[in-house]
Structures are given as structure tokens and as C-alpha cells.
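A.B. asks: Mind looking at a prediction? Sequence and model below.
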Amino acid sequence: MRAAEQAAMDGGVSEWELMQRAGEGAAQWVARIAAGRAVTVLCGPGNNGGDGYVIAESLKRRGVEVVVVAPREPGTDTAKTARSHFQGEIADSELPSSQVYVDCLFGYGLSRRVEGVFAELLERLAAVPGFKIAIDVPSSVASDSGELLGPEVSYDLTLALGGWKLAHFTMPAMAMMGVKRLVDIGLALPGDAPRLSVTPSISAPATDAHKYKRGLLAIVAGEMPGAPILAAEAAMRAGAGYVKLASEHSHPDAPADLVIVDGPLSETMADDRLSAILVGPGLGRGDDARKRLQIALATSRPAIVDADALHLLDPEMLGQIDASNIAVTPHEGELTALCRTFGIDAASKLERARALHEKTGMTVLAKGPDNLLVGASGVRFFPTGSSWLSTAGTGDVLAGIAASRLAVHGDLFKACGEAVWLHQEAAHLLGPAFTASELAAVVSEAMERFL
Ligand SMILES: NC(=O)C1=CN([C@@H]2O[C@H](COP(=O)(O)OP(=O)(O)OC[C@H]3O[C@@H](n4cnc5c(N)ncnc54)[C@H](O)[C@@H]3O)[C@@H](O)[C@H]2O)[C@@H](O)CC1
Ligand SMILES: Nc1ncnc2c1ncn2[C@@H]1O[C@H](COP(=O)(O)OP(=O)(O)O)[C@@H](O)[C@H]1O
Ligand SMILES: [K+]
């Protein structure tokens, strides 16, 4: 953001002009929400506070009753300019009772824990009823990590200024932001900046499609039969023309349309029509599992590696293959295990996922409420999905969808992104309290949104 703002200023747009755009853009939202009700604006000492004075003045001009609470005088030149343009009432620390609150204490300049008068104000803000709006980011949130550096306030709306910050899509910060909207202030973000994933567009099979052309996916089963079946159920509904389960177990409950191959894995993997491989769900973690993983990866086919397999991957195994053919889909615990194995010591989820990608060449989909994808096309965050996804087996469904998409087009980064969207849409269709197999069953219905 600082680079983008600097570029705009080098191009002749002053910081004051940017602040006016940000403040006016935010004030339009606030005025609509206030709908005639009184508004209290909390202004901090930096440019986030400056935005607050612009918002307050703009609201006043529109006839809205406004009180500014500012425990400190502005410290930056631009915020001082903004302050001087505000003609209304300023209180120094008491939070008046109001129906709409606008929090402009700190933005991306927050650099240490919020304490003293600012912490007290945020604690009071947390306790009062009313509609609460965070400007740019909630004031106790570190915008680059999503870490909480002060009192937790539950906001109804967060207005990001000029561009999304990492905190907008990272836990724990994103959970307190309410609805999120972006206020455009005319900045051009650098091409390699982390971005929000855009809704994918999925094509129906070509007119001349047949099952192999649409993609043959092999799912490598292992010790536990349930997980690969769940993945297969999802994969059969996510685009691949042919899904095979390579298993040495009997699967009496497997659907009739799933082909189960029980011969030696090396023979199944020798089929040169294979477009993609999924290995990990239900694999087990013993010697046999390790061998199966090695056989699967030795094919050099694009692969989704998930669940148990994430505890077996190590630098030695990757040393023998082209790891750029692999996407891993770890949850928090699996990401920690991978970082341990590959000697990565980084603090935030983004830094860990990025380091894992850079060190190994693998595409990394670090899943969870704050899904994050790092790979050949950069970094992508995703809109928040249904928290009902937090149930056993939904990870297997995600892996099945990703592997199926991979079998269709062979692009790891794209497959992982599409999988997150399809997974979330399937959850959305089901509403509350579904099971993983119900989730797998509606993946084809979810597909409709993206065709
Ligand atoms: N630079 C620009 O071009 C623009 C910036 N804008 C706004 O400016 C914000 C960033 O402004 P700043 O960089 O001035 O930073 P902030 O306004 O976020 O806060 C920084 C100020 O607070 C102090 N501070 C940091 N942590 C503190 C703590 N825990 N307790 C007490 N004081 C603390 C700092 O020393 C500094 O004075 C953005 O979030 C956005 O709202 C917008 O106006 C758009 C244009
Ligand atoms: N609170 C949540 N909000 C949104 N999505 C979630 C939440 N918790 C989990 N998920 C999603 O559900 C899936 C869970 O996967 P995982 O942890 O591997 O479960 P399992 O191993 O039981 O299949 C992931 O895709 C994750 O992103
Ligand atoms: K703020």
C-alpha cells in the first residue's frame, strides 16, 4: 500500500488528495448506513485519524449530526490539514452514546500494542451497542499479519481503503470485521501484490470430449477406506471424465460408478493416460504408506498431496522428483508439520506458506477459514466461506475437487483456486450442519455457479 500510494504521489496526486478520496468514499457508506442517525467518529494521531476528520466533515456537510473523539492531536501534516478542515465538535476521550460509530484510531500504521487511552476507548467501543464501522482496518489489528494488538471489537462493516490488506483475509483479524467493502481511491497495486481470488470460470466439456480427454484421475488409497471414497465422490462431480481408486482393500460401500483397481500400485500408476493423482486421504503413515506415496510421485504426473501424505513428504523424497508438479493442501497442523520437516521458521501463515513454496517449488494451498494459495501465479486470498465446513472429512472433499480440476486442465494453481470456490459454494448450497458426504454430493450443483 505504501508503494502504491507513493507511486500515486510521484504521479502528482498529493497525500491530501488521496485522503480526501478515501474519506469521501468512506463517508458515502457511513451516511447511507447512518440514515439520519447521529455518528461518532474516533480519530487517532496518524493518517487513519486524518481520514476520520474528512469523514466527519463530509457527514456534517450532508446534515448528519457528528461528534469526533480524538484523545491526541494529529501528528502528520496531512492529518493536521484534515483536522483544520473539520469545523465541528471534538471531545477528547469520552465516548458519547451514539447509534453509529466510525473507528479511525489506527490504520496500517499500527506498530505496537494499543494501550492507555486508546485501549480504553476501544474497550468502551466493544461494550456499547450500535453499528460499528472500521475504517481501513479495525484499530487493534496489525494489517500485515492479522494479529490482534489490542481490545477485540466486533464490527458490522470494515471499509478497506485503496486496496485489501493481508489482515482482511487472515485470522484472527478477519473474524471481527463484519461485512467488508473496498473503497477505490484510484491506486494501482503492484502486479505481484497478494490478491483476492476472483470468481473462477469453468467450461463445460468440449463437444468432442470423451472420458480420457476430460481427464483421468487416480486416487491412491491406503489404510483407511473412508477418506479416499469421500474424495472420489467429490472428484467424480468436479469435472474429471474418469476417476479410479487404486486400493488394496475392499470397498463394499463404494459407488458403482467408481472404478476400483486392486492390482499393484506401480502397475496402475504406469498408465500413461493418467492426467492427475491424488494421494494422502486415508493413506496411513507407516512404511507401506510411504512406499505408495513414493510410487505415486515417481509418475511425475501433476499431483494433489493431502492429509497423511503431508506427514510423509520430506526433502529426500522431493529430491528425487520434480516438486513443481505437486500441490499440497495442508490445514494449520499439517502446515506446521511441513514447516518442521523442511526447516522453515516463520511466524505468520502467509510467511510460512510462502517459504514452503519458495523452498520446495510446490504449490501451497494453506486451508482453513483463511484459505491462502501460494504458487506460480503469486498469492491469493479467498472470501470467507461457511464455518459449517469445520466438520470431519471436508478436507478430503476439497482434495478430491482440486484433483479433479487438475485432471481436467493440469494447472495446479488454478485447480486449487477452483477447488476452494466450489467447496465453499457447495457448503453455501447446503446451509447448516451438513456432513462431508452430503458436501461431496452437491459439488456438481455448485459447479453451475461457475459455468
Ligand atoms: N498515505 C496515504 O497516502 C493514505 C493513507 N491513508 C490512511 O492512512 C492510514 C495509515 O496512516 P499512518 O501511516 O499515518 O498510520 P496510522 O494512522 O495507522 O497510525 C500511525 C500513528 O499512530 C502511532 N501509533 C502506532 N501504533 C500505536 C499504538 N499502539 N499506540 C499509540 N500510537 C500508535 C504512530 O506512531 C503514528 O503516529 C491508512 O490506514 C489509511 O487509513 C488514507 O488516507 C489514504 C491515503
Ligand atoms: N471455520 C471454518 N470456516 C470456513 N472453512 C473452514 C472452517 N474450518 C474448516 N474449514 C474448511 O474445511 C476443510 C477442513 O479440512 P481438514 O481440516 O483437512 O478436515 P478433514 O481432515 O477432517 O477432512 C478445509 O477446506 C477448510 O478450509
Ligand atoms: K481503523
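C.D. replies: Looks like it arrived, so ask away. Ligands and ions are numbered 1, 2, ... in the order given.
A.B. asks: From here on, just use CA atoms for contacts and neighbour counts.
C.D. replies: Will do.
A.B. asks: what's the domain layout of this protein?
C.D. replies: 2-190, 216-450 (automatic domain parsing).
A.B. asks: Strands of the stretch 301-450 of the chain, residue ranges please.
C.D. replies: Using DSSP state E, counting those that start in this stretch, the strands of the stretch 301-450 of the chain run over 303-305, 326-328, 363-366, 372-375, 378-381.
A.B. asks: so which of the domains of the chain gets nearest Asp208?
C.D. replies: domain 216-450 (12.6 Å; Cα to Cα).
A.B. asks: Centre of the chain to the closest one, how far?
C.D. replies: 17 Å (Cα atoms, centre = their mean, to the nearest Å).
A.B. asks: and that domain with ligand 2, contact?
C.D. replies: Yes. Applying Cα under 6 Å from any ligand atom, one finds domain 216-450 in contact with ligand 2 at 331, 367-369, 371, 385-387, 389-396, 398.
A.B. asks: Any of those buried? List them.
C.D. replies: Buried members of the residues of domain 216-450 next to ligand 2, counted by 16 or more other Cα atoms under 10 Å: 331, 367-369, 371, 385-386, 389, 393-396, 398.
A.B. asks: for those residues, which one is nearest Lys244?
C.D. replies: Asp396 (15.6 Å).
A.B. asks: got a list of what that closest one touches?
C.D. replies: By Cα atoms under 8 Å, 6 or more residues apart in numbering, the contact set of Asp396 is 227-228, 230-231, 281, 307.
A.B. asks: if I look at the residue of the chain positioned farthest from its centre, how far off is Leu42?
C.D. replies: Distance from the C-alpha centroid of the chain, by Cα atoms, centre = their mean, peaks at Gln87 (41.0 Å). Distance, Gln87 to Leu42, using Cα to Cα, to the nearest Å: 15 Å.
A.B. asks: Then Glu233?
C.D. replies: Taking Cα to Cα, one finds Glu233 at 52 Å from Leu42.
A.B. asks: ditto for Ala27
C.D. replies: Applying Cα to Cα to Ala27 and Leu42 gives a distance of 14 Å.
A.B. asks: Who has more neighbours out of these two?
C.D. replies: Leu42 (31 against 22; other Cα atoms under 10 Å).
A.B. asks: Could you verify my assumption that that one touches Phe106?
C.D. replies: No. Here Leu42 lies out of contact with Phe106, judged by Cα atoms under 8 Å, at a distance of 9.5 Å.
A.B. asks: who's in contact with Val379?
C.D. replies: If you count contacts by Cα under 8 Å, 6+ apart, Val379 has them with 192-195, 372-373.
A.B. asks: Any idea how far stretch 171-178 is from the middle of the chain?
C.D. replies: That offset, for stretch 171-178, works out to 12 Å (Cα atoms, centre = their mean).
A.B. asks: mind saving the C-alpha coords of that stretch as CSV?
C.D. replies: Presented in CSV, the C-alpha positions along stretch 171-178 are these (Å, rounded to 0.1, in the frame of the first residue of the first chain):
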residue,chain,number,x,y,z
MET,A,171,-7.4,-15.0,11.1
PRO,A,172,-7.9,-13.9,13.7
ALA,A,173,-8.5,-10.3,12.4
MET,A,174,-10.9,-11.2,9.6
ALA,A,175,-13.3,-12.7,12.1
MET,A,176,-14.1,-9.4,13.7
MET,A,177,-14.6,-7.3,10.6
GLY,A,178,-18.2,-8.0,9.7
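A.B. asks: hmm, it touching ligand 2?
C.D. replies: No. Using Cα under 6 Å from any ligand atom, stretch 171-178 stays clear of ligand 2, coming no nearer than 9.7 Å.
A.B. asks: Give me the mean pLDDT for that stretch.
C.D. replies: For stretch 171-178, mean pLDDT is 95.
A.B. asks: Spell out which residues are contacts of both of Leu42 and Phe106.
C.D. replies: Counting by Cα under 8 Å, 6+ apart, the contacts common to Leu42 and Phe106 are Gly49.
A.B. asks: who's in contact with the residue farthest from the centre of the chain?
C.D. replies: Contacts of Gln87 by Cα under 8 Å, 6+ apart are Glu57.
A.B. asks: Would you mind listing what in the stretch 101-250 of the chain touches ligand 1?
C.D. replies: Within the stretch 101-250 of the chain, the positions near ligand 1 by Cα under 6 Å from any ligand atom are 106-114, 136.
A.B. asks: Write a PyMOL command that selects only the buried members of the residues you listed.
C.D. replies: The following PyMOL line selects those of these that are buried, judged by 16+ other Cα under 10 Å:
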select buried, resi 106+107+108+110+114+136
